[in-house]
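>>> Sequence and predicted structure, then a few things I'm wondering about:
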Protein chains: 2
Amino acid sequence: MPNTKRLPKSSQLKSEIAAYKRRRILEEATDLFFTKGYDSATLDAVAERLDVTKPFIYSYYKNKGDLLREICQTGIRLSLSALEGALAVEGTATEQLKVVVERVARIIIENQRYISVYLREEKNLNAVDARNIREMRHHFDELLGDLLAKGKKTGEFDITDPSRTAIWLSGLLSWIALWYHEGGHWSATEVVMDAINMVMKMVQPRSAASA
Amino acid sequence: MPNTKRLPKSSQLKSEIAAYKRRRILEEATDLFFTKGYDSATLDAVAERLDVTKPFIYSYYKNKGDLLREICQTGIRLSLSALEGALAVEGTATEQLKVVVERVARIIIENQRYISVYLREEKNLNAVDARNIREMRHHFDELLGDLLAKGKKTGEFDITDPSRTAIWLSGLLSWIALWYHEGGHWSATEVVMDAINMVMKMVQPRSAASA
DNA sequence: GTCTCTATCTACTGCATAGTAGCTAGATTT
DNA sequence: AAATCTAGCTACTATGCAGTAGATAGAGAC
């Protein structure tokens, strides 16, 4: 029965191709949502970029909102796994925080489109998706807060409330997605270095106290 | 000829009333754009909140985009005048920066709706308005950059590039509008104090150098 | 070479809402 | 009290686009 054996193989290939198509749709949609805004970007325009027609998109995504959900999820998921990966690196809180900022900042720059669409268009998500994504975001801030708490305990960090500080850091990182401009005045590396310096200054104690 | 004298008076009152109506429309529109997003918020809904009908709005604003422009302009104008007011206070760069952050942070919290609509919905402005508003924003960052440059010269601030640092500070302040929640975990005062501390740590030198 | 199945397209519907033309009621003038 | 003026309303048009029903063509089975 070679038939039953070939079937799974071919259907695997098919699903790989389908996944690829989904990814391409997502990429172009992200780019368009990023440049024109969610509402002004039409699915006809997304289709045109791929040289297909609107119903093509509808056979891979339920509707426009489903596409937005996936973009937002991708944005937050990428940041979250960069954070988790960085936290897996052994080291003092100080060392870990540097790795975290470096990696997350890089990921944000590389995936700016996903992340800034997520930050800007959150209001256009339906209630369920919005909740889900808010929870991922919250988890991000919590993990960051835990690291800060650890550093506070060891005396490496001079902060009062780790979870509040986490929100500031998280904001500083998010901000990159909103103003960084590829090929602009500053290089990605400069921005990443800056972010690391800023964050370390924000959390590390200084020998001399000031008014 | 008391007639000719009364005419300007009555027309002044009229224009005051017209200005009040414009303001009320703006307030409700801002609130609605803030909670539902620009595109999902309809002018019929804005009208309903004021117990009037849509054509009422059209006799005070040219169209929906005109309303958005005014919201965005209000947001950036408020921040800008808070900054300019703070810069007018005499003092060292350090003292001035503290005043700047305190006042601007307060204004941002008080006028959160205008500012977050501005940050979120910039993409929905027409080209001309967008340019105008980008210039005001740029001016804000420049003034902040000048203050940082002054502090760098006097040795009060330890930063490499004042204009780049200005963008980070500006981002830190903007971020407040995006996450602060009235009646949430933290009070406005806590957030303002935090902002001041964060900013000062970011720019002030520390006695001991670190890796 | 016919049959079937699947992926995509053509061509449409429906709806939400931005924006407007023209009416009305109430105040203002003479 | 007739004439005029104005602010706001009723009732409409127009359009852009999300979403879909049903046709079609091309690959693969037998």
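Everything's here; your move. Only a predicted model underlies this, so the values are computations on that prediction, with no experimental measurement involved.
>>> Give me the three-state assignment for the most centrally placed residue in chain A.
Most central in chain A under Cα atoms, centre = their mean is residue A:75, positioned 3.1 Å from the mean C-alpha point. When classified by DSSP: H, G, I helix; E, B strand; the rest coil, residue A:75 comes out as helix.
>>> Spell out which residues of chain A are next to DNA strand C.
For chain A, the residues in contact with DNA strand C (Cβ under 7 Å from any atom of the strand) are A:14, A:18, A:21, A:47, A:51, A:52, A:53, A:54, A:55, A:56, A:59. Using the backbone N, CA and C atoms, a C-beta is placed for each residue, glycine as well.
>>> which among the residues you listed are in contact with DNA strand D?
A:54, A:55.
>>> Between the residues of chain A next to DNA strand C, which sits nearest chain B?
residue A:54 (19.5 Å; Cβ to the nearest Cβ).
>>> Hmm, residue A:60 and the closest one touching each other?
No - if you go by Cβ atoms under 8 Å, residue A:54 and residue A:60 don't touch, sitting 11.4 Å apart.
>>> which one of those two has more residues nearby?
Per other Cβ atoms under 10 Å in any protein chain shown, whichever of residue A:54 and residue A:60 has more neighbours is residue A:60, with 16 against 13.
>>> Which residue, neighbours along the chain excluded, lies closest to residue A:159?
Nearest residue to residue A:159, sequence neighbours excluded (Cβ to Cβ, 6 or more residues apart in numbering or on different chains): residue A:165, at 4.7 Å.
>>> Can you read off the pLDDT for that neighbour?
For residue A:165, the model assigns a pLDDT of 97.
>>> where does chain A dip in pLDDT?
Scanning chain A with the threshold set as pLDDT under 70 gives A:1-11, A:13, A:207-211.
>>> how does it divide up, domain by domain?
Annotated domains of chain A cover A:1-61, A:72-205 [automatic domain parsing].
>>> So for the longest one, first residue to last residue, what's the gap.
Separation of the first and last residues of domain A:72-205 by Cα to Cα, to the nearest Å is 36 Å.
>>> which parts of chain A sit against chain B?
A:36-40, A:119-120, A:123-124, A:164, A:167-168, A:171-172, A:174-175, A:178-179, A:185-186, A:190, A:194, A:198, A:200-202, A:204, A:206-208, A:210 (Cβ under 8 Å from any Cβ of the partner chain).
>>> okay, the domains of chain A in a markdown table with distance to residue B:91 next?
What follows is the domains of chain A, written out as a markdown table (distance: least, Cβ to Cβ, whole Å):
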| stretch | distance to residue B:91 |
| --- | --- |
| domain A:1-61 | 42 |
| domain A:72-205 | 22 |
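>>> Can you say which of these is packed in most?
Most buried of those, by mean neighbour count (mean count of other Cβ atoms under 10 Å in any protein chain shown): domain A:72-205, with a mean of 18.
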